[in-house]
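*Asks:* Predicted model, plus sequence, below.
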Amino acid sequence: MERVKWVSGNFTRGIILEQRKEPALRRKLRTFLNANYAGMLFESDLPYDGAALSGKQIIEIARLARIVDERDGLFLHEKLEKARRMNVKVVVGDAIDDEPYVSSQLNPLLFLKKEAGGGLRLAAKAVGNPKIYFAIYKNLSDLDLKTKLPKDIEIRRIRGRYPAEFRTMDDFDSHGPAVLIGVCSLIHLYRAVYEHRIQSTCFVTVAGICVANPTNLEVSIGMTPTQLFERCGLAEEPGYVVIGGSMTGAICEDPDSYLVGTMSRAVLALRDEEKKRRYQCIGCGRCAEVCPENLTPFYINRYIELGKYETLSFYDIHRCIGCGTCSYICPSKIDIAENIKLAKIEMKRRRHEKEGD
């Protein structure tokens with residue numbers, strides 16, 4: 001019997017976002033593949049049977065299949081090896097998708113639940129058979145949970161303000177060490193074990209106010225946003241295109257040449273180019289009120305503008321997780337999160353130069 005646990009988190013810092021996941025979330029997952037996709041297999045003497053494989057053999061198959069976790073860009077076999085050494089007690093399949101529009105983990109879980117559930121069990125076997133869970137955001141109704149999600153794996157519904165995904169592991173701390181693995185990489189693990197298939201595809205949400213038919217697609221790695229828009233259709237010419245979520249994604253300057261990859265997760269066509277508007281900071285302090293790390297982004301941004309990088313460590317810039325809440329809430333439309341990201345890169349460059357001297 002399916003069990004659903006509601007996880008606390010209503011009073012955490014952050015922001016409440018309108019999800020805007022429909023209709024892409026409930027529409028059936030579609031495929032859009034290159035002609036050479038069918039031949040992407042690896043050679044191995046290992047059996048095509050998860051029950052006959054040892055944990056180390058499953059990890060080896062993940063290596064041969066070159067599976068990348070869409071959450072963090074790490075190779076899955078490296079994450080499983082590390083989790084095995086750490087003797088983790090919990091493996092969590094991440095389908096949280098807490099950014100607006102994006103449902104490229106949740107939708108595959110709904111429509112490929114056999115592969116997702118099987119991949120989670122294989123991952124658990126690889127690291128020593130700990131407890132297993134799927135984690136989803138609170139945006140699904142109870143009816144959806146009863147009819148579409150795996151029935152034999154406990155579902156944790158993560159509540160709380162954005163960024164909920166960043167705080168997910170806090171909800172499993174009582175069980176001991178845990179590892180969070182993206183649902184899409186679990187699907188690829190299942191295929192690698194039972195079909196010896198190399199990962200040559202990724203899952204992407206194509207959505208935004210300018211998209212005629214918002215849809216989740218499984219696409220060949222290396223396709224362009226323009227190709228995906230041709231598949232889903234554009235209702236109007238977008239003002240700008242974002243790769244990734246509307247909170248943490250980056251503006252794509254050339255949709256004709258950018259190549260979609262394992263960590264893209266979404267391609268959004270949006271109307272208003274608010275990310276490029278810029279006004280003066282009015283000192284309202286809203287960014288500090290919502291920051292999940294209790295930072296003071298307006299001070300950090302001010303010293304970035306002044307070029308006083310030596311002062312930024314005092315304001316704990318290293319603790320910034322890049323969630324984008326400060327940029328979202330800013331009434332002056334200052335992209336504080338992007339400024340902090342670039343400042344951290346510059347600080348790293350200066351540190352390396354100093355060490356080189």
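*Replies:* Nice, I can see it.
*Asks:* ok, now which ones touch the nearest residue to residue 262 once chain neighbours are set aside?
*Replies:* Nearest non-adjacent residue to residue 262, counting by Cβ to Cβ, 6 or more residues apart in numbering: residue 68, 4.3 Å away. Where you see a C-beta, it was placed from the backbone N, CA and C, and this is true even at glycine. Taking Cβ atoms under 8 Å, 6 or more residues apart in numbering, we find residue 68 in contact with 74-76, 185, 199, 262-263.
*Asks:* Buried subset of the residues you listed, written for ChimeraX?
*Replies:* Selection of the buried residues among the contacts of residue 68 in ChimeraX, burial being defined by 16 or more other Cβ atoms under 10 Å:
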select :75,76,185,199,262
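*Asks:* which intervals of the protein have sub-threshold pLDDT?
*Replies:* Within the chain, the segments meeting pLDDT under 70 span 1-12, 36-39, 139-147, 273-278, 357.
*Asks:* okay, which residue is most central for it?
*Replies:* residue 71 (4.3 Å; Cα atoms, centre = their mean).
*Asks:* pretty sure that residue contacts residue 95?
*Replies:* No - taking contacts as Cβ atoms under 8 Å, residue 71 lies outside contact range of residue 95: 10.5 Å.
*Asks:* burial of residue 204, as a residue count?
*Replies:* For residue 204, the tally of surrounding residues (other Cβ atoms under 10 Å) stands at 27.
*Asks:* can you map out the strands along the stretch 151-300 of the chain?
*Replies:* With DSSP state E, counting those that start in this stretch as the criterion, the stretch 151-300 of the chain has strands at 155-158, 178-182, 201-207, 215-220, 240-243, 250-252, 266-270.
*Asks:* what's the longest helix anywhere in the chain packed up against?
*Replies:* Longest among the helix segments of the chain by residue count, using DSSP state H, is helix 336-356. With contacts taken as 3 or more Cβ pairs under 8 Å, 6 or more residues apart in numbering; DSSP states H and E, helix 336-356 sits against helix 297-305, helix 325-329.
*Asks:* Nearest to residue 107 among these would be which one?
*Replies:* Among the helices and strands packed on helix 336-356, helix 325-329 comes nearest to residue 107, with 23.5 Å by Cβ to Cβ.
*Asks:* measure residue 297 to residue 289 for me?
*Replies:* As defined by Cβ to Cβ, to the nearest Å, residue 297 lies at a distance of 10 Å from residue 289.
*Asks:* which residues of the protein fall in helices?
*Replies:* Using DSSP H, the helices of the chain run over 55-64, 76-86, 106-111, 113-127, 142-148, 183-195, 225-232, 286-290, 297-305, 325-329, 336-356.
*Asks:* Any chance of CSV for the strands of the stretch 151-300 of the chain, columns distance to residue 293?
*Replies:* Formatted as CSV, those follow (distance: least, Cβ to Cβ, whole Å):
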stretch, distance to residue 293
strand 155-158, 18
strand 178-182, 19
strand 201-207, 27
strand 215-220, 31
strand 240-243, 23
strand 250-252, 21
strand 266-270, 24
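*Asks:* Give me the neighbour count for the closest residue in space to residue 347 that isn't next to it in sequence.
*Replies:* Nearest residue to residue 347, sequence neighbours excluded (Cβ to Cβ, 6+ apart): residue 309, at 5.4 Å. By other Cβ under 10 Å, 16 other residues sit near residue 309.
*Asks:* I figured residue 309 hits residue 348, correct?
*Replies:* No - counting by Cβ under 8 Å, residue 309 sits too far from residue 348 to count as a contact (10.4 Å).
*Asks:* what's near enough to touch the closest residue in space to residue 302 that isn't next to it in sequence?
*Replies:* Spatially, and ignoring its direct neighbours in sequence, residue 302 is nearest to residue 281 (7.0 Å; Cβ to Cβ, 6+ apart). Residues near residue 281 by Cβ under 8 Å, 6+ apart: 298, 301-302, 330, 332, 334.
*Asks:* mind checking how far residue 281 is from residue 289?
*Replies:* Residue 281 sits 15 Å away from residue 289, going by Cβ to Cβ.
*Asks:* mind checking which of the helices and strands packed on helix 336-356 is nearest residue 122?
*Replies:* Short answer: helix 325-329, nearest of the helices and strands packed on helix 336-356 by Cβ to Cβ, at 35.3 Å.
*Asks:* Out of the strands of the stretch 151-300 of the chain, which gets nearest to residue 167?
*Replies:* Here strand 155-158 is closest among the strands of the stretch 151-300 of the chain (Cβ to Cβ), at 7.8 Å.
*Asks:* Quick one: list the elements packing against that closest one.
*Replies:* strand 4-7, strand 131-137.
*Asks:* what's the spacing between that strand and its chain's center?
*Replies:* In terms of Cα atoms, centre = their mean, to the nearest Å, the centre of strand 155-158 is found 16 Å from the chain centre.
*Asks:* Report the backbone C-alpha coordinates of it in CSV.
*Replies:* C-alpha atoms of strand 155-158 as CSV (Å, rounded to 0.1, in the frame of the first residue of the first chain):
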residue,chain,number,x,y,z
ILE,A,155,6.7,8.9,-1.2
ARG,A,156,7.9,11.9,0.8
ARG,A,157,6.1,15.1,-0.1
ILE,A,158,8.5,18.0,0.6
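*Asks:* what's the first-to-last distance across stretch 248-260?
*Replies:* In stretch 248-260, first residue to last residue: 16 Å (Cα to Cα, to the nearest Å).
*Asks:* got the contact list for it?
*Replies:* Residues outside stretch 248-260 that contact it (Cβ under 8 Å, 6+ apart): 99, 202, 204, 219, 221-226, 228-229, 240-244, 266-268, 275-276, 322-324, 337.
*Asks:* Right, I'll call it a day here.
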